[in-house]
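>>> sequence first, predicted coordinates after that:
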Amino acid sequence: MIKAIIFDYGNVIHKWDNDIFLKKVVKKSNKSYEYISNLIFKSGLQDKFELRELSEIDFFRIIKKQCNLSITQKEFFKEYTDRLFEKIPSTLNLIKKFKKNYKVALLSNTTKVDFDCVIKKLREFLLFDSVTLSFELGYAKPKKEIYLDAINKLNLRPDECVYIDDIKEYSDAASKLGIHGIYYTSYENLIKELKKLNVKV
């Protein structure tokens, strides 16, 4: 019997697009889009930031130096958080609906900057019974420890939980632990998969 629905954040609750951020940063640099994108998102720099292995200051300083940025730290992080650009109403409505019959939780690979500036300011954030964040835990999806933290906080068995993520590798990792992982591709498909689990939608 399902007792909890656990949500990823990016592109499940809130649309995000690194391209929005990168295009703005390129205008403040003499480096190419590809160079900046690779440095931040493919070199492991972003991953370290999400695990809090890099502080905000160090994250910014590395990028500023290697990209020759003409931008302040405040301006940089304003552009950085703007990549989370649009809430997804259908998911937010589901969270409010599920709260009546289930525990609801958040599990996200994210940075403290995104959490402080965007995530925790979401009105529906107060509805979550538990919150598991990579930067607090020191583990990121798809490592099993982050999923186990989420279900332990809910005090439930894996098979009593559903986990929804827009990255198939991450929903599959949850499934390997006995959690009902759902790969989020659309609202319609999500409802279809939830009904298969007899979740009241």
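Perfect, thanks for sending it.

>>> any idea which element the nearest residue to residue 13 once chain neighbours are set aside lies in?
Distances taken as Cβ to Cβ, 6 or more residues apart in numbering put residue 91 closest to residue 13, at 5.1 Å, once the chain neighbours are dropped. In this view, the C-beta of every residue, glycine as well, is placed from N, C-alpha and C. If you go by DSSP states H and E, residue 91 is part of helix 89-98.

>>> what about the spatially most distant residue from the centre of the chain, which SS state?
Largest separation from the mean C-alpha position in the chain: residue 30, at 30.2 Å (Cα atoms, centre = their mean). Recorded secondary structure, residue 30: coil (DSSP: H, G, I helix; E, B strand; the rest coil).

>>> ok, it - contacts?
Counting by Cβ atoms under 8 Å, 6 or more residues apart in numbering, residue 30 touches residue 68.

>>> what about dumping the CA coordinates of the worst-scoring helix or strand of the chain on mean pLDDT to PDB?
Lowest on mean pLDDT, DSSP states H and E among the helices and strands of the chain sits strand 84-87, with a mean of 92. Extracted in PDB, the C-alpha atoms of strand 84-87 (Å, rounded to 0.1, in the frame of the first residue of the first chain):
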ATOM      1  CA  LEU A  84      14.600  27.900 -12.500                       C
ATOM      2  CA  PHE A  85      12.100  29.900 -14.500                       C
ATOM      3  CA  GLU A  86       8.600  28.500 -14.300                       C
ATOM      4  CA  LYS A  87       6.500  26.500 -11.700                       C
END
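
>>> tell me where this protein has strands.
With DSSP state E as the criterion, the chain has strands at 4-7, 14-16, 84-87, 103-108, 130-133, 161-165, 180-183.

>>> make a markdown table from these and add mean neighbour count and distance to residue 46 to it.
Output for the strands of the chain, formatted as a markdown table (neighbours: other Cβ atoms under 10 Å; distance: least, Cβ to Cβ, whole Å):
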| stretch | mean neighbour count | distance to residue 46 |
| --- | --- | --- |
| strand 4-7 | 25 | 21 |
| strand 14-16 | 18 | 12 |
| strand 84-87 | 15 | 14 |
| strand 103-108 | 25 | 14 |
| strand 130-133 | 21 | 15 |
| strand 161-165 | 26 | 17 |
| strand 180-183 | 21 | 22 |
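
>>> would you convert those into JSON lines that also reports distance to residue 66?
JSON lines is the format used below for the strands of the chain (distance: least, Cβ to Cβ, whole Å):
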{"stretch": "strand 4-7", "distance to residue 66": "35"}
{"stretch": "strand 14-16", "distance to residue 66": "23"}
{"stretch": "strand 84-87", "distance to residue 66": "24"}
{"stretch": "strand 103-108", "distance to residue 66": "27"}
{"stretch": "strand 130-133", "distance to residue 66": "27"}
{"stretch": "strand 161-165", "distance to residue 66": "31"}
{"stretch": "strand 180-183", "distance to residue 66": "35"}
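
>>> out of those, nearest to residue 116?
Ranking the strands of the chain by their distance to residue 116 (criterion: Cβ to Cβ) puts strand 130-133 first, at 10.9 Å.
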